[in-house]
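# Below is the structure, and that's it, no one-letter string:
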Ligand SMILES: NC(=O)c1ccc[n+]([C@@H]2O[C@H](COP(=O)([O-])OP(=O)(O)OC[C@H]3O[C@@H](n4cnc5c(N)ncnc54)[C@H](OP(=O)(O)O)[C@@H]3O)[C@@H](O)[C@H]2O)c1
């Protein structure tokens with residue numbers, strides 16, 4: 001194990017945005033550990049990705065109970081990094097986890113019951129070796145559980161010291177309003193919403209969620225801002241070996257092929273702006289301050305560095321925005337549509 005000294009100038013390299021009406025600031029770019037942090041990835045790669053992120057001023061690392069493979073292993077890997085590389089840096093980090101998707105067998109291993117959500121939070125803390133997470137999320141709306149019960153579990157998680165703040169993910173605009181009202185009564189405000197959002201998936205606009213969050217003073221962190229890699233230069237000349245589309249996991253190569261003509265046009269636009277396509281895609285998500293943070297994933301540290309370059313140019317002309325609007329193909333790519341339909 002080599003020792004790690006974070007870059008002194010890391011906080012000068014990032015923009016920090018206030019998360020809704022809260023006192024918490026999040027980096028404009030955050031790092032998620034959904035892919036590339038399981039047993040299928042060497043420790044050295046995970047370590048290099050997290051070090052590079054922190055050196056760029058990325059203070060926020062996003063996890064969930066089921067990230068791996070196998071489920072739970074991403075939290076274990078991150079726990080290992082917390083004990084080694086990031087030892088002594090806990091107060092400089094915002095760490096989140098979530099419960100909602102299948103984690104263990106039987107009737108109490110998924111969705112939104114109090115039984116599951118609190119037990120899952122305890123398991124996540126144990127895997128990461130933490131006393132508390134900064135943000136704990138309900139990962140998806142559960143149509144079979146009263147919303148009061150799920151929100152009550154989140155409120156309890158904060159009151160019992162297991163988390164500092166709470167969030168919800170992929171809830172639609174109406175459910176979000178209901179959740180906020182319940183939480184207001186309970187006395188624990190909703191800090192943040194985590195929806196999918198990118199140039200090719202604009203459900204947060206059509207559903208009204210983006211405006212709702214602004215209206216309610218709730219922060220927002222956009223997941224899959226690069227459409228799992230489609231909105232980068234990586235697929236322009238075919239599907240490269242080792243890329244996510246070859247792994248038979250969450251990204252169907254047919255979806256990549258379908259988007260390619262649009263991606264080529266977007267890539268030309270990005271070049272004209274002096275950005276890589278990944279940078280332009282992230283800048284677009286963050287445009288006009290409508291979203292607190294763009295939550296990226298990475299399989300290599302160089303990708304993190306490239307993505308962080310997005311903050312150098314977050315402005316778009318009206319003409320650029322109109323061209324991007326014309327290219328957007330929402331429905332084809334919202335893989336999380338069902339959980340936001342609840
Ligand atoms: N709340 C939810 O339900 C939910 C669901 C999904 C994700 N998330 C969160 O969102 C995070 C991000 O998701 P994601 O990984 O799908 O996001 P993403 O940023 O849209 O895609 C990341 C992938 O894009 C490629 N990439 C990244 N930067 C690149 C660059 N500069 N140049 C070329 N390729 C680049 C890499 O693909 P290769 O691996 O092919 O190199 C990387 O794995 C997750 O880790 C998780 O924390 C939340």
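Noted; the coordinates are in hand. Since the structure is predicted, the reported quantities are computational estimates derived from the model, not experimental observations.

# any weak-confidence spans in the stretch 1-150 of the chain?
Residues of the stretch 1-150 of the chain that meet the criterion pLDDT under 70 lie in 1-2.

# Write out the residues of it neighbouring the ligand.
Counting by C-beta under 6 Å from any ligand atom, the residues of the stretch 1-150 of the chain close to the ligand are 32, 33, 34, 35, 62, 139. (Glycine included, C-beta is placed from N, CA and C.)

# Strands - which of the residues you listed land there?
Residues of those located in strands (DSSP state E): 32, 62.

# Can you name the two of the residues of the stretch 1-150 of the chain next to the ligand that sit furthest apart?
Pairwise distances across these peak at 15.9 Å for 35 and 139 (criterion: C-beta to C-beta).

# With neighbour numbers in mind, choose between the two.
Neighbour count, other C-beta atoms under 10 Å: between residue 35 and residue 139, residue 139 has more, with 25 against 22.

# Okay, buried residues for the helix or strand residue 270 falls within please.
Per DSSP states H and E, residue 270 falls inside helix 253-272. Using 16 or more other C-beta atoms under 10 Å as the test for burial, helix 253-272 gives 255, 256, 258, 259, 262, 263, 266, 267, 269, 270.

# helices or strands up against it?
If contacts are counted by 3 or more C-beta pairs under 8 Å, 6 or more residues apart in numbering; DSSP states H and E, helix 253-272 sits against helix 277-286, helix 318-327, helix 330-333.

# Could I get these in TSV, plus columns for mean pLDDT and distance to the ligand?
Below are the helices and strands packed on helix 253-272 laid out as TSV (pLDDT from 0 to 100; distance: least, C-beta to the nearest ligand atom, whole Å):
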stretch	mean pLDDT	distance to the ligand
helix 277-286	98	4
helix 318-327	95	16
helix 330-333	55	10
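
# Quick check: which of the ones you listed is buried the most?
The highest mean neighbour count among the helices and strands packed on helix 253-272, using mean count of other C-beta atoms under 10 Å, belongs to helix 277-286: a mean of 25.

# ok, residues contacting that helix?
Residues outside helix 277-286 that contact it (C-beta atoms under 8 Å, 6 or more residues apart in numbering): 28-29, 197-199, 222, 225-227, 231-233, 263, 266-267, 269-270, 273, 275, 291, 294, 296, 303, 306-307, 309-316, 324.

# C-terminal to that helix, what's the next element?
Downstream of helix 277-286, the next assigned helix or strand under DSSP H and E is strand 293-296.

# Off-centre distance for the helix or strand just after that next one?
As assigned by DSSP H and E, the chain's next helix or strand after strand 293-296 is helix 301-308. For helix 301-308, the distance from its own C-alpha centre to the chain's C-alpha centre is 16 Å (C-alpha atoms, centre = their mean, to the nearest Å).
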